[in-house]
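In: Kindly generate the corresponding structure for this input.
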Amino acid sequence: MSAPFALAATAGAAALGMALAKAKTRLDLSRAKHPSLAGHARMARRVASLIRFYEYDEQRFFCSDDAPRQIAEQRRSGFHTLSRLYRERFGETSARSADAAAGISDLQFINAYRVPFQYSRFADQHLPSGSFLESSSGVTVTDLDGNVFYDLTGSYGVNLFGHDFYKSCIERGAELVRDLGPVLGAYHPTVAYNVRRLREISGLDEVSFHMSGTEAVMQAVRLARYHTRRSHLVRFCGAYHGWWGDVQPGVGNPSAARDTYTLAEMSERTLNVLRRRRDIACVLVNPLQALHPNASAPADGSLVDSSRRAGFDRAAYTTWLQELRAVCDERKIVLIFDEVFVGFRLAPGGAKEYFGVKPDLITYGKTLGGGFPVGVVCGRGDLMKRYRADRPADICFARGTFNSHPYVMGAMTAFLRYIETSDAETLYGSLERIWNNRAAQLNRRLAEAALPVRIANLSSIWTVTYNSPSRYNWMLQYYLRAEGLALSWIGTGRLIFSLNYTDADFRAVADRFLAACQAMQRDGWWWTSTATAGRSIKRRILWEMLTSRFSRGSASPGNGPIQE
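Out: Below you'll find the model as predicted:
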C-alpha cells in the first residue's frame, strides 16, 4: 500500500470515527428527551403553528363526545342553570372584568385559554369569569358582588401563611424602613439581617437581590455560564422557570432557544448525557415537578381527555436528586434549585432541607418578599462573583434599579423573623401529616360517592386528576366557582392552600368540592361510553384538527358542523 493511500485511508477512518461519535452523541441526546411533544421543543412549535382555530356550534357544544340526545339535553339544562346563577351572583364583577379586558392584554390571554379552544367562545359568553376582588381575610377573598370564596389560588405561590399575615408583613416592614423611604442604591440596615438569615437557610455563601423570580433564575443561569465558560443549560420537560426565552424553548416563545436542552426528568439516559457532553453549564430543577415529573400542571383549557397523571413519591425523587447531584459534581456542572414557587412551603430550609440535597445555587421569590415582588439568588461564593480579579474587563453584569428596595427588604425581614418563631416551628413540624391526611380524606369521600375525580398532592400544593375519559373535565372549574371556591386561571391544574387553613376551613372546602363534583355528574358531563376511551378522544380531536386544517367549513364525521 502506497504511503499516500495509507495516509488517506487513515484520515478517512478518523473522519468516519468522528462522524460516528458525533452521531452517537446526537442520538443519546435525542433519546434523553421525553417522548411527549413537551420534550421536543422544535416539533411542538411546528405542530402548534399548524393548528387552526375552529369551534363548536351550540348543538355540538353539548355532544362533542357523541353523547345521546338525552344526555346532551341534560347537559344543556345544567349549563343554562349554571349560566343564570353566574349572571345573578357575579354580575358586577363580570361586567367590570369585561370592561377592563379591552385594555388589559393579560386578561384577554387568560380568558382565551381558560377552556379548550373549541368551546371557549360559547363558554365565555354564558359563564363569564370575574377577575376583580374587593378584599381578603383569613383564607377567603370577596368579589365586587360580595361573594365570599375560599381561596385556592395561593396567589400563585405567594400566599403561604395567609392573607392577614402578609398584610402584617407589609405594615411592619413599612414601619421598619419608614424613615429612609424609597431611597434606592444604598441599603437599609434590614438588608444585613436578611442576608444573614438567607445564608443560614440556604447553607450558601452569598446573596443577590432581584425584582422577580424570573430575574433571579436568569441571573443564576448567567453566573453558571460565566464561571463554567459553557453555553448550554439543561431544563426538564414540563418544568416552569419563568417566561424568558432560554427556559421556555417550545410553544409560547417566538424565538427558538438554541442553547437549551430539554431532557426527561428521573431518567438514566439524561444522566448519561450530562456525563458525556462538555457544553453543559448548569441544570435547573424545579422541585414542584416531584408532583408530576415531565408534565406541567395543565390549564383546564388543555384538558381534552383524562390522561393527566400525578403522584408524589418522595423517596424516588430524593434518589433522583442525589444521582443528579453526583453527576453534576463529577462533571463540574452547576446544580440550581429554582425554589421561586416552592421555597419555604415544604420546609423552613426549602427543598434542600426537605430532600437532603444541597445545590450550588438557589433562587427564591414570591412568598419571601412578604407580599412584595422579589427575586433572590443564593450561591457558593466562587459562583456568585461577577468579575475576575485577574481580568478586570471580564465581568458578568447584573443590576436592577429596584433591587433591595427598602420597603421590600422591610417586608422580607418581617417574613424571615416569623420563620424563626416557635409558632412557625410547630406549623412545619406537622405540615406533611396534616396535608397528606386532608388529601386522603377528600379522596375517600370522592371514591365513596363514585365520582371520577381524585387529588394528588405535594404537601399543600394539589392537582386534580380524572379516572374516567371525558371531553368535559374542564367544566369542573365553573361548578367549583359556583360553590364558592376561587381558583387561579389554570383552574383545577393547581390548587394551592395557605397553611392557615384550619380543619373546619378544610371541611368546608371539601364539602363544596364534593358538591361541585356531584352537580357536574348530575348534569351529565361525565357520561361515558365504550367509544370515549382516552385514545378515542385523542383520535377524534386529531381528525377534527385535520379537517379544519385542510377543508374550511367542512364537517367532522358524526358530529355536525365545525364553525370557523
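In: Could you pull up the residues touching Y86?
Out: The contact partners of Y86, taken as CB atoms under 8 Å, 6 or more residues apart in numbering, are S94, H126, L127, P128, Y478, A482. Heads up, the C-betas are built off the backbone N, CA and C, glycines and all.
In: next SSE after whichever helix or strand it is part of?
Out: For Y86, the host element (DSSP states H and E) is helix 69-89. Next along the chain after helix 69-89, taking DSSP H and E as the criterion, comes helix 91-101.
In: Only alpha carbons, please: show that following helix as CSV.
Out: C-alpha atoms of helix 91-101 as CSV (Å, rounded to 0.1, in the frame of the first residue of the first chain):
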residue,chain,number,x,y,z
GLY,A,91,-73.0,40.4,37.7
GLU,A,92,-70.9,43.4,38.8
THR,A,93,-67.6,41.5,39.0
SER,A,94,-68.1,40.0,35.5
ALA,A,95,-69.2,43.3,34.0
ARG,A,96,-66.2,45.2,35.4
SER,A,97,-63.8,42.5,34.3
ALA,A,98,-65.3,42.5,30.7
ASP,A,99,-64.8,46.3,30.5
ALA,A,100,-61.2,46.1,31.8
ALA,A,101,-60.3,43.2,29.5
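In: what's the angle from the next helix or strand after it to helix 91-101?
Out: Proceeding N to C from helix 91-101, the next assigned helix or strand is helix 105-112, under DSSP H and E. Here the directions of helix 105-112 and helix 91-101 differ by 120 degrees (axes from the mean of the first three to the mean of the last three CA atoms, to 10 degrees).
In: Point out the other helices and strands that helix 105-112 packs with.
Out: Packing contacts for helix 105-112, counted by 3 or more CB pairs under 8 Å, 6 or more residues apart in numbering; DSSP states H and E, involve helix 91-101, helix 117-126.
In: Next, the buried residues of it.
Out: Buried positions in helix 105-112, judged by neighbour count with 16 or more other CB atoms under 10 Å: L107, I110, N111.
In: Same check on stretch 223-231?
Out: Residues of stretch 223-231 classed as buried: L223, A224, R225, Y226, H227, T228, R230 (neighbour count, 16+ other CB under 10 Å).
In: I'd assumed R197 was in contact with L416.
Out: Yes. Between L416 and R197 there is a contact under CB atoms under 8 Å: 4.5 Å.
In: Looking at those two, which one has more neighbours?
Out: L416 (21 against 18; other CB atoms under 10 Å).
In: In contact with that one, which residues?
Out: Taking CB under 8 Å, 6+ apart, we find L416 in contact with Y193, N194, R197, L198, L368.
In: Tell me the predicted confidence for the second one.
Out: Listed pLDDT for N194 reads 98.
In: for the last one, same thing?
Out: Confidence per residue is given as pLDDT, and for L368 that number is 95.
In: Okay, strands next: where are they in the stretch 201-350 of the chain?
Out: Assigned by DSSP state E, counting those that start in this stretch, the strands in the stretch 201-350 of the chain fall at 206-210, 232-236, 260-263, 280-285, 334-338.
In: deepest of the ones you listed, which one?
Out: strand 334-338 (a mean of 27; mean count of other CB atoms under 10 Å).
In: Could you check the angle it makes with strand 280-285?
Out: Going by the same axes, to 10 degrees, strand 334-338 is angled at 30 degrees with respect to strand 280-285.
In: which residues are in contact with strand 334-338?
Out: Strand 334-338 is contacted by residues 213, 217, 220-221, 223-224, 227-228, 239, 241, 281-287, 324-325, 328, 350-352, 359-363, 383 when judged by CB under 8 Å, 6+ apart.
In: taking the mean pLDDT, what do you get for stretch 56-67?
Out: Mean pLDDT, stretch 56-67: 94.
In: buried stuff in it?
Out: With burial defined by 16+ other CB under 10 Å, the residues of stretch 56-67 counted as buried are Y56, R60, F61, F62, C63, S64, D65, A67.
In: Can you say which helix or strand has the last one in it?
Out: Going back to what we said before, that points to A67. Using DSSP H and E, no helix or strand contains A67.
In: Quick check: phi and psi on it?
Out: phi -60, psi 150 (degrees, to the nearest 10).
In: contacting residues around it?
Out: Shown in contact with A67 (CB under 8 Å, 6+ apart): R75, G524, W527, S529.
In: Out of those residues, which comes closest to F397?
Out: Distances from F397 to the contacts of A67, taken as CB to CB, are shortest for R75 (57.6 Å).
In: picking up where we left off before, by neighbour count, which bits of the helix holding Y86 are buried? Give me those.
Out: Residues of helix 69-89 classed as buried by neighbour count (16+ other CB under 10 Å): I71, A72, Q74, R75, R76, G78, F79, L82, S83, Y86, R89.
In: My read is that the third one contacts M520, right?
Out: No. At 11.4 Å, Q74 and M520 do not qualify as touching, with contact defined as CB under 8 Å.
In: Can you pull the poorly scored residue ranges out of the stretch 1-150 of the chain?
Out: For the stretch 1-150 of the chain, residues meeting the criterion pLDDT under 70 lie at 1-22.
In: okay, now the closest residue to S468 other than its chain neighbours: neighbour count?
Out: Closest residue to S468 apart from its sequence neighbours, by CB to CB, 6 or more residues apart in numbering: P452 at 3.6 Å. Per other CB under 10 Å, the neighbour tally for P452 reads 18.
In: Repeat that for R549.
Out: R549: 12 neighbours (other CB under 10 Å).
In: Using the three-state scheme, assign it.
Out: Assigned state for R549: helix (three-state reduction, DSSP: H, G, I helix; E, B strand; the rest coil).
In: Which of the three states applies to the nearest residue in space to it that is not next to it in sequence?
Out: Excluding the flanking residues, the one nearest R549 by CB to CB, 6+ apart is R52, at 5.5 Å. Under three-state DSSP, R52 falls in the coil class.
In: And N159, by the same measure?
Out: Following three-state DSSP, the label given to N159 is coil.
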